[in-house]
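**Q** Sequence and computational prediction follow.
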Amino acid sequence: MENTVYINDQHVEFTSGETILSLLRRQKIGIPTLCDAPNIKPFGSCRVCSVDVALEKDGPSKVQASCHTPVTSGSYVYTHSDRIKKLRKNIVELVLTDYPKERFAADSPKKNSIAWITQEVGIGMADVRYESGETHFNNKPDDSHPYMRANMDACINCYRCIRACDEVQGEMVLTMEGRGFDSKVVIGQNEGFSESECVSCGACSQACPTGAITDVFNSKFNDATEKTRTICTYCGVGCNLKVATKNNEVISITAPYDAEVNGGHTCLKGRYAFKFYNHPERLRSPLIKKDGEFVEASWDEAYDLIATKLSEIKESHGANAIAGISSSRCTNEENYLMQKFMRAVVGTNNIDGCARVCHSPTALGMQRAFGTGAATNSVEDINHTNCMLVIGANPTSAHPVTGAKMKQAAMKGTTLIVVDPRETVLARYANYHLQLRPGTNVALLNMMLYYIIEEGLMDLEFIGSRTEGFDDFQNQILAINIDAMESVTGVKKSLVRDAAIAYASASNAMSFHGLGVTEHSQGTFTVQLIANLAMITGNIGRKGVGVNPLRGQNNVQGAADMGVQPHQGAGYLDFTNPEIHDLYQNYYGVDLPNDVGLKIPEMFDAALDGKLKAMWIMGEDVAQTDPNITKLRKSINNLDFLVVQELFMTETAELADVILPGASFLEKSGTFTNGERRVQRVNRAVPPIEGTKPDGQIVIDMMNRMGYSQPDYAPDTMLEEISQIVPFFKGITWENLAINGKQWPVAEGGVDTKIIHTEEFKIGKGQFAHFDWRESEELETNASEFPYIITTNRDLEHYNCGAMTRRTGNVDIVTEDVLLINIEDAQSNGIADGDMICVTSARGKVDIKAKISDAVKPGVMSTTFHFPEIMVNLLTSDVHDSEAKCPEYKVVAAKIRKSKGEVREVVG
Amino acid sequence: MSENLRALSNRKGLDKNLFEQLVDRSKGEGTPSNEVLKSLAHEYLMGEAITYGVSSFYDFLKEEHRGVKVHVCNGSACLLAGTQDSLKEKLVDNFEENQISHMCCLGRCHENSAFNYGAKNYSGKDIDQLSGIIDSKVNSLKDSYTVGSQLDQPVLTGNPMSAEDFVQAFKQLNSKGADQVLSELKASNIRGRGGAGFPMGFKIESCKNIEADQKYIVCNADEGDPGAYSDRYLLEHQPMLVLFGMMTSGFIAGANKGVLYIRGEYPEAIEIVTNAIKELEAIGMHGANIVGTDFEFKFKVIEGAGAYVCGEETALLSSVEGQRPEVRVRPPYPTQEGLFGKPTIVNNVETLASIPWILKNGGSAYASLGTDKSTGTKLICLDSFFINPGVYEVEMGIPFKEVIYEIGGGFKQAVKAVHVGGPLGGIVPISEIENLNLDFESFQNGGFLLGHAGIVSIPERFPMIDYLEHLFQFTADESCGKCYPCRIGSVRGREMITNSKNGDSKIDKELLDDLLETMEVGSLCALGGGLPLGVRNALQYFKDELNQHIKQE
């Protein structure tokens, strides 16, 4: 009799602890509800889901709300007894007394819960027996915000918006005001969306059953005719999106509830920032620069010119005078094609991607320590960990859905350690915020490792059985000068010690890191030290632990997986090994180069030296986002020939000889791989904008044009090709990826892997390595003249160069880059909030608006580089990570003064 | 109930309690400013909307309360006594209209004319000294009422327990040990006096049996039922009984923190209990190592801010957590997941105050009082319509007519019904009094409710339709607003009655019956679920009087 219940006298098994409603839904018994929603907890306000429950057959029954009442074993549940049907109808009747009549007449039962539920329970507006009384109509609609909309006349007080804002996003922008019949949903302190703390994630809009809260796209209630499930193009979280279209035009985006990655949630970039795709400024024709002016050309013209030019250069200077930069915004298939094009058609290994300027140290550092350059665990492990260590990452802005999950866990009590020079949102919730001076990650992590050893908190069993090099490492760590490191980092050693103890004593501790780790001269070393922390405490190989880089772009993991690296081919295989080289040659059917190619910074150095003659850049705006722009522009101008594949006339496209108009993620199919190694299907929602082509097709066209036969672009056949050469894609097919994708490695038969290194590391034993902290060359050279440190970061509202987000409503929310400056530094330089500041580094100067903030300590400032008008990368330096060549965006020596007001011209 | 808000609030917990901060910051101007609410939200890492939404819930924190100086009681007893109109007229001479607001039941039902000014309550003839009260020249006014008991050894109304008695009692508790005391409590079969009548022993035991790093004992001193002032009596005159009951519960269940949630309408009770705790502190009966044992117990007084629904235990817990006191779903029950998510025993003042007697005299002695199912004694409160108004301790099960006509001495004027157990209790017509005994079962079987046993008299002259309007209005005013049947139903019910009174339209009986059933079976808690009982009693027993308001087929 255990776990047996009778539903309408039918014998049914239930799962321990489940609610009656959940069981009824599994039994496909329709129960009307208003306050229930898939990604928020049962609440019990509408009572429409009530059922009759008796403890024995024909015994006395009690009305219980099925949404929050657990099933009682042996009980008898009646879902449609006369009294229940009457109760539901009577409750809905009460709701209708306070629901606008004209709205009701217009509502569609397919979209609006009120229209639906009245049908379900069998009542209409005309059946309402109460005389008209007090109502909540005639509210002033809130249209103050670029995206969010509210018209509370239709609000039915189901709390779904409030609960979504709290339980899903964790922002708590919405509340009930007042009590009883007078209670009403208000935004902020009843001030409207634009004045509130709203982060425009749209969770409330998706949760609202009536459209009282909605958005400019009226996402849930518009007249879309088709919906396509795809993957967001913005960050490495990999949110699943449901794209609503009509007449081949995208009209809104929502988040599917059954998505494992984002469970019905996403951020304002994924949900609302899509209007760039058919923006008037989209490039709609190939362009060829003639006498300094771009003129429209046919695809054939453009392809011919490119083929001729590349062949000429290859002829006269060799294939290595040509280089390609692929795009992490593009699909796996497109990245695979781009590297294949450079290697098999052009004949060079000069292929790199934007991972170089973001997570290359992660890939390298983790390969050195573990053998695999990818997250060891899954994001959902946040729900299973006892301690989160977040280093150099601001996920609530840069990875909003993951950030929201972390914030949710931290609020509920999961220990949180934040290592960041800035007081990020997460830092406010942290138990330990180690607010270090930029550029001292190595020093700080060494301190943590020191204290873990000193306190004897190592997992000796794990160290003994799974790792190598610990003894030497231990000796070196114990020899560090802890007091010197305290003064170097500017973080009290007692605080570091407490944090180290918290991390090491947690039964499961999980680390996350971002560009605040990698974009440093000691980036790779820092990654290796993070790996040391995990190994020394045995936090590897099970749920809720591991080393988890928060990958930047939607497909930065995938681009590297596909071989967009100058030293490894598709699948990270070392082509300098003759056997591997043969494997690739056989597979591609041509002779391939076996010399290691140029990394991005080396490409630009080579261009400046005149050794590199031509470049093909697919979907990356290096002239805005790479460091030391002045020098970079000189390098590019020194090229003989530049091809740029782009959506818009970016800073980089302006410098091109030929521009090829590519297509956005909404216009093509393929796969993206998110930061937890999850390969997910990208499905075309609309055809490519007229005059453009999917980037993969462009590359294929060129491959064929240059004599290599490659079939037309199709995701299933491309995946088939990839799965035969990339070992960890072996079991992947377009079909078996289904809706939630698979986490690599995927074995034959499609079995995927949520956690890697469970039994042993990819390289056998994990490798300990010690590194002494070194001051950045930038500061050693320039700190005396440029006393402040500027560190760069990202806003929630904009994505990297901003080419896409600046062409959406997001630009109405954040309109410019600003410089965060501590009040002390502002006062000592006579700067007030909102003043323009002239910032100078050893490379250049920019004028930027000051925003006084206590998120940064005195001596440290921070800014973003989303806007070309400011061009913050005129300031950043050439210093790179010593190992992976990732630029040091995070440490810029600078001096400031109040600006005289002149506006800087963008240097051409 | 938000898990996030609960956890964020718990970061400062009871020491720097968010709700207490809100109440403290309302003291000057009558409500915290939006700026203060924002800074508190930032301090507690919550959204700015949160503290705003919370404060807007409470009568004494909401924006409309800004500048209010004096509160007129609008509880049932004062309404029925008809004293408040003339009281208000006198107040209007001294205060601006917007400086006068309401409090629902100051517990001065024995003499009415109740009002609150300057954190003190006044009643009876006090209003005649209003100018002296305002000038602070009169500050020794205290209400007095008869306190009576039929028992040789009263459980609740004997000589007050002193601090020294408290120490002795604790020594006895310690020597008996938790297990034995628990079995005494179970043997006493004492049931919760707040209204629900749940056996206290089981509640303590189930909390005891849950492993947790922290547990709480909460005293529900939010005696909001108009007509009841027995808890006020205990808090003001027998505070040590209540405190000892809490400490004993903590001793048994393994809880080291006790929260007294006392309604803001009882300022004197708050002061007296706070002083009693100080007295205990002074003799080492508060905090760590009580009487040299390793037992630790700390009390915390939390002052309510004007919300009847906080008497509902889950709403009360949310209130202490600084959340909007909206009723939570159950399970989980407070003993599983209570205050700040920890196992918590919530008991009424009177229930807790009975514990010292049980400890001293034994569970079976207690069980021998009263009836089999309703053991022990009960405090009853009689309003000013009685010849002998006051608080009386009676043995459970005595004939109700004895309470009304012997103890109460009958009525000063013609009364047609008594409303027993607060606004959610039953309306007992005079004719039914003789059929009832004062215990849970008899009232339930008779179609009424003993509840907390406050007794409010409805005089002949007072139209029953007005009283029903008052009950619906009370529910509409005090509904937390979470569940639909109560939030919308209470207002629609009130409108039906008002329309019929105004002659706009008569009551559709079928619709009213549907509404009452919807509220009764559909509501989330006893507020919406309890109102229909009294209304149905009135419809049954006062059919002739009410018929004129009902649409005839």
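**A** Good, I have the coordinates. Since this is a predicted model, take the numbers as computed values, not measurements. Numbering: from 1, shown residues only, chains lettered A, B, ... in the order given.
**Q** so what's B:L512 closest to, chain neighbours aside?
**A** B:M496 (6.2 Å; Cβ to Cβ, 6 or more residues apart in numbering or on different chains). For the C-beta atoms, the positions are set from N, CA and C on the backbone; glycine is no exception.
**Q** Give the full set of residues in contact with the one you found.
**A** Contacts for B:M496 (Cβ atoms under 8 Å, 6 or more residues apart in numbering or on different chains) come out as A:Y130, A:E131, B:I507, B:D508, B:L511, B:L512, B:L515.
**Q** would you say it is within a helix?
**A** Yes. Counting by DSSP: H, G, I helix; E, B strand; the rest coil, one finds B:M496 located in a helix.
**Q** got a pLDDT number for it?
**A** Note for B:M496: predicted pLDDT of 97.
**Q** ok, now how distant is whichever residue of the stretch 301-450 of chain A sits closest to chain B from B:E3?
**A** At 4.4 Å from chain B, A:M411 is the closest residue in the stretch 301-450 of chain A, using Cβ to the nearest Cβ. According to Cβ to Cβ, to the nearest Å, A:M411 stands 8 Å off from B:E3.
**Q** coming back round to it: correct me if wrong: the residue of the stretch 301-450 of chain A closest to chain B contacts A:Y429.
**A** Yes. Using Cβ atoms under 8 Å, A:M411 is in contact with A:Y429, at 6.2 Å.
**Q** Mind listing the shared neighbours of the two?
**A** B:L45.
**Q** got a list of what residue 545 touches?
**A** Since you didn't name a chain, this refers to chain A. A:V545 makes contact with A:T376, A:N377, A:D381, A:T385, A:N508, A:A509, A:M510, A:A534, A:N539 under the criterion Cβ under 8 Å, 6+ apart.
**Q** ah, no, chain B please
**A** Contacts of B:E545 (Cβ under 8 Å, 6+ apart): B:P463, B:M464, B:I465.
**Q** What is the nearest of the residues you listed to chain A?
**A** Using Cβ to the nearest Cβ, the contacts of B:E545 come closest to chain A at B:I465, 16.8 Å.
**Q** Does the residue nearest to the spatial centre of chain B belong to a helix, a strand or coil?
**A** Most central in chain B under Cα atoms, centre = their mean is B:E223, positioned 1.5 Å from the mean C-alpha point. Following three-state DSSP, we place B:E223 in the coil state.
**Q** What sits closest to it if chain neighbours are left out?
**A** Nearest one to B:E223, counting by Cβ to Cβ, 6+ apart, is B:D231 at 3.9 Å.
**Q** hmm, back to that, cross-check the contact I'm expecting between the residue nearest to the centre of chain B and B:Y261.
**A** No. Using Cβ under 8 Å as the test, B:E223 is too far from B:Y261 to be in contact (10.5 Å).
**Q** Just give me the longest helix of chain A.
**A** Ranked by residue count, the top helix of chain A under DSSP state H comes out as helix A:299-317.
**Q** What's the mean pLDDT across that helix?
**A** For helix A:299-317, mean pLDDT is 97.
**Q** So which elements touch it?
**A** Applying 3 or more Cβ pairs under 8 Å, 6 or more residues apart in numbering or on different chains; DSSP states H and E, one finds that helix A:299-317 contacts strand A:287-290, strand A:322-325, strand A:614-618, strand A:641-646, strand A:658-661, helix A:695-705.
**Q** 6 Å - rerun?
**A** Here helix A:299-317 touches strand A:658-661, going by 3 or more Cβ pairs under 6 Å, 6 or more residues apart in numbering or on different chains; DSSP states H and E.
**Q** Give me the three-state assignment for A:R681.
**A** Assignment for A:R681 (three-state DSSP): strand.
**Q** quick one: secondary structure of the residue lying closest to A:G30 once chain neighbours are set aside?
**A** Ranked by Cβ to Cβ, 6+ apart and with sequence neighbours excluded, the top spatial neighbour of A:G30 is A:E120, at 7.2 Å. At A:E120 the chain is in helix, as set by three-state DSSP.
**Q** same check, this time on A:S397
**A** Quick answer, by three-state DSSP: A:S397 is helix.
**Q** wait, what's in contact with it?
**A** A:R794, A:L796 (Cβ atoms under 6 Å, 6 or more residues apart in numbering or on different chains).
**Q** same question, A:S841
**A** Neighbours of A:S841 in contact, by Cβ under 6 Å, 6+ apart: A:F786, A:L875, A:V892, A:A894.
**Q** from those residues, which ones fall inside strands?
**A** Residues of the contacts of A:S841 located in strands (DSSP state E): A:V892, A:A894.
**Q** Wasn't A:P146 part of a helix?
**A** No. Using three-state DSSP, the secondary structure at A:P146 is coil, not a helix.
**Q** ok, it touching A:D812?
**A** Yes. In this structure, A:P146 is within contact of A:D812 by Cβ atoms under 6 Å, at 4.0 Å.
**Q** okay, the two: which has more neighbours?
**A** More crowded of A:P146 and A:D812, by other Cβ atoms under 10 Å in any protein chain shown: A:P146, with 19 against 12.
**Q** so what pLDDT did B:H470 get?
**A** 95.
**Q** Could you verify that it is part of a helix?
**A** Yes. Counting by three-state DSSP, B:H470 is part of a helix.
**Q** which SSE is the nearest residue to it once chain neighbours are set aside in?
**A** Distances taken as Cβ to Cβ, 6+ apart place B:L79 nearest to B:H470, at 6.1 Å, with adjacent residues excluded. Taking DSSP states H and E as the definition, B:L79 sits inside helix B:76-81.
**Q** what does the domain assignment say about chain B?
**A** Following automatic domain parsing, one gets these domains for chain B: B:3-65, B:70-144, B:149-367, B:377-459, B:464-547.
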